[in-house]
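Undergrad: Fold the stuff below for me.
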Amino acid sequence: MNSDSKITPLRPKRPCPECGKPSARDTFPFCSARCKDIDLNRWLKGAYVIKARDDEEDPDADGPK
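TA: Residues are numbered from 1 along each chain as shown. Coordinates of the predicted model:
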């Protein structure tokens, strides 16, 4: 038996963030291209939002400089 028979995966399998099935190597962290596309569509529609802090100034605001 050679030492190549036991290969350690680079990443542990994780559940797909969309449906919960085990992730696939070619679409990680998703289980399929379908779930990957669903997630991309949510980003493009603006369903995911990264909130800004309240104390940040708006660089586009028309105020005194």
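Undergrad: what about the closest residue to residue 14 other than its chain neighbours, neighbour count?
TA: Of all residues beyond its chain neighbours, the one nearest residue 14 is residue 23 (5.2 Å), with distances taken as CB to CB, 6 or more residues apart in numbering. Quick note: C-beta positions are derived from backbone N, CA and C, even for glycine. Counted with other CB atoms under 10 Å, the neighbours of residue 23 add up to 19.
Undergrad: what's the residue nearest the centre of the chain in contact with, if anything?
TA: The residue lying closest to the centre of the chain (CA atoms, centre = their mean) is residue 29, at 7.0 Å. Contact partners of residue 29, counting by CB atoms under 8 Å, 6 or more residues apart in numbering, are 14, 16, 17, 23.
Undergrad: tell me the SS of it?
TA: coil (DSSP: H, G, I helix; E, B strand; the rest coil).
Undergrad: and the gap between the spatially closest residue to residue 33 that is not a sequence neighbour and residue 49?
TA: Computed as CB to CB, 6+ apart, the closest residue to residue 33 that is not its neighbour in sequence is residue 27, at 5.8 Å. With distances taken as CB to CB, to the nearest Å, residue 27 is found 24 Å from residue 49.
Undergrad: Compare the two (neighbour count), which wins?
TA: More crowded of residue 27 and residue 49, by other CB under 10 Å: residue 27, with 15 against 6.
Undergrad: these two touch, right, that one and residue 36?
TA: Yes. Residue 27 lies in contact with residue 36 (CB atoms under 8 Å); the separation is 5.1 Å.
Undergrad: low pLDDT regions in the protein?
TA: 1-5, 9-11, 56-65 (pLDDT under 70).
Undergrad: which residues of this structure fall in helices?
TA: For the chain, applying DSSP state H gives helices covering 33-45.
Undergrad: gap between residue 35 and residue 19?
TA: Taken as CB to CB, the span from residue 35 to residue 19 is 6 Å.
Undergrad: contacts for stretch 44-55?
TA: For stretch 44-55, using CB under 8 Å, 6+ apart, the contacting residues are residue 42.
Undergrad: List the buried residues of that stretch.
TA: Buried residues in stretch 44-55, counted by 16 or more other CB atoms under 10 Å: none are found.
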